[in-house]
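Novice: sequence isn't available, so here's the structure alone:
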Ligand code: DX5
Ligand code: ZN
């Protein structure tokens, strides 16, 4: 099933995987039907946590051909786009609240020939991405405060997903709407119904049950939500 010309995709977030056995986690996720991988880069400034940088993205790249969705929770995305592109990132997602100028980030992404996404924190309005929506391959709506996996989904962000869906549908632009944070079997239905097409799953993919079972349930949820959306 699809929405706005985009297939519904599940992207396990490696932040919730066992870092000591990342290769195995990637292999299991692929076998379970992961459509892409989400990689959370944190610098200890933009968010309180520190995760990993380009070297780890390159290591993941060497183990999978699936698209790598690199979520840059860092103060200066502009400075690092090239490094993450060279590391093998397919989509580089920057935060509009960071210190980099969105127009410059978009120019740099175009120069590098890489797909680009803009992310907004739960408290940032949709209007923050609207001026350059037509140049984006992805809008990432955060449904938790960025920095940690395993937090609770905030339904308050769903109106932003709906607005993004309306705007993209109005122009026929096939950008992804990504939802990130607290996606579970239940919240995936709501997010899909609101119009999301790209579902980041951390704990819901890697914790609790084998990933095959987890992704099967999440897949059923997004299909159910999208079927409810009347468009
Ligand atoms: C949080 C990250 C998320 C995180 C999601 O700051 O951006 O991608 O890995 O983890 P869950 O799905 O467990 O909330
Ligand atoms: Zn993320």
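Specialist: Perfect, thanks for sending it. Keep in mind the model is a prediction, meaning the values are calculated, not measured. Ligands and ions are numbered 1, 2, ... in the order given.
Novice: what about residue 131, neighbour count?
Specialist: Per other C-beta atoms under 10 Å, the neighbour tally for residue 131 reads 11. Backbone N, C-alpha and C define where each C-beta goes, glycine included.
Novice: the top helix by length along the chain and ligand 1, any residue contact?
Specialist: The longest helix of the chain (DSSP state H) is helix 211-228. No: applying C-beta under 6 Å from any ligand atom, one finds helix 211-228 separated from ligand 1 by no less than 10.3 Å.
Novice: in this protein, what residue comes closest to ligand 2?
Specialist: As assessed by C-beta to the ion, ligand 2 sits closest to residue 71 within the chain, at 3.7 Å.
Novice: unless I'm mixing things up, that residue is touching residue 36, no?
Specialist: No: the pair residue 71 / residue 36 is not scored as a contact, 11.6 Å apart, by C-beta atoms under 8 Å.
Novice: more neighbours, the two?
Specialist: When residue 71 is set against residue 36 and neighbours are counted by other C-beta under 10 Å, the residue ahead is residue 71, at 28 against 22.
Novice: now name the helix or strand holding the more buried one.
Specialist: Secondary structure assignment for residue 71, by DSSP states H and E: strand 68-73.
Novice: walk me through which strands that strand pairs with, and which way each runs.
Specialist: strand 37-42 (parallel), strand 91-95 (parallel) (DSSP bridges).
Novice: and of these, who's closest to residue 225?
Specialist: strand 37-42 (18.9 Å; C-beta to C-beta).
Novice: quick one: residues contacting the residue in the chain that ligand 1 sits nearest to.
Specialist: Ligand 1 sits closest to residue 202 of the chain, with a gap of 2.4 Å, by C-beta to the nearest ligand atom. By C-beta atoms under 8 Å, 6 or more residues apart in numbering, residue 202 lies in contact with 12-13, 15-16, 38, 149-150, 183.
Novice: quick one, which of the residues you listed are buried?
Specialist: Among the contacts of residue 202, those classed as buried by 16 or more other C-beta atoms under 10 Å are 12-13, 15-16, 38, 149, 183.
Novice: restricted to helices, list the contacts of residue 202.
Specialist: Using DSSP H, none of those sit in helices.
Novice: how about the helices of this protein, start to end?
Specialist: Going by DSSP H, the chain shows helices at 22-31, 54-61, 77-86, 102-112, 158-171, 187-194, 203-206, 211-228.
Novice: name the helices or strands packed onto the longest one?
Specialist: The reference is to helix 211-228. strand 9-12, helix 22-31, helix 187-194, strand 198-201, helix 203-206 (3 or more C-beta pairs under 8 Å, 6 or more residues apart in numbering; DSSP states H and E).
Novice: thinking again about what came up before, can you redo the helices of the chain as a markdown table with mean neighbour count?
Specialist: Shown next, in a markdown table, are these (neighbours: other C-beta atoms under 10 Å):
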| stretch | mean neighbour count |
| --- | --- |
| helix 22-31 | 17 |
| helix 54-61 | 17 |
| helix 77-86 | 19 |
| helix 102-112 | 16 |
| helix 158-171 | 18 |
| helix 187-194 | 24 |
| helix 203-206 | 24 |
| helix 211-228 | 18 |
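Novice: now render those helices as CSV, adding mean pLDDT.
Specialist: Below are the helices of the chain laid out as CSV (pLDDT from 0 to 100):
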stretch, mean pLDDT
helix 22-31, 98
helix 54-61, 98
helix 77-86, 98
helix 102-112, 98
helix 158-171, 97
helix 187-194, 98
helix 203-206, 98
helix 211-228, 97
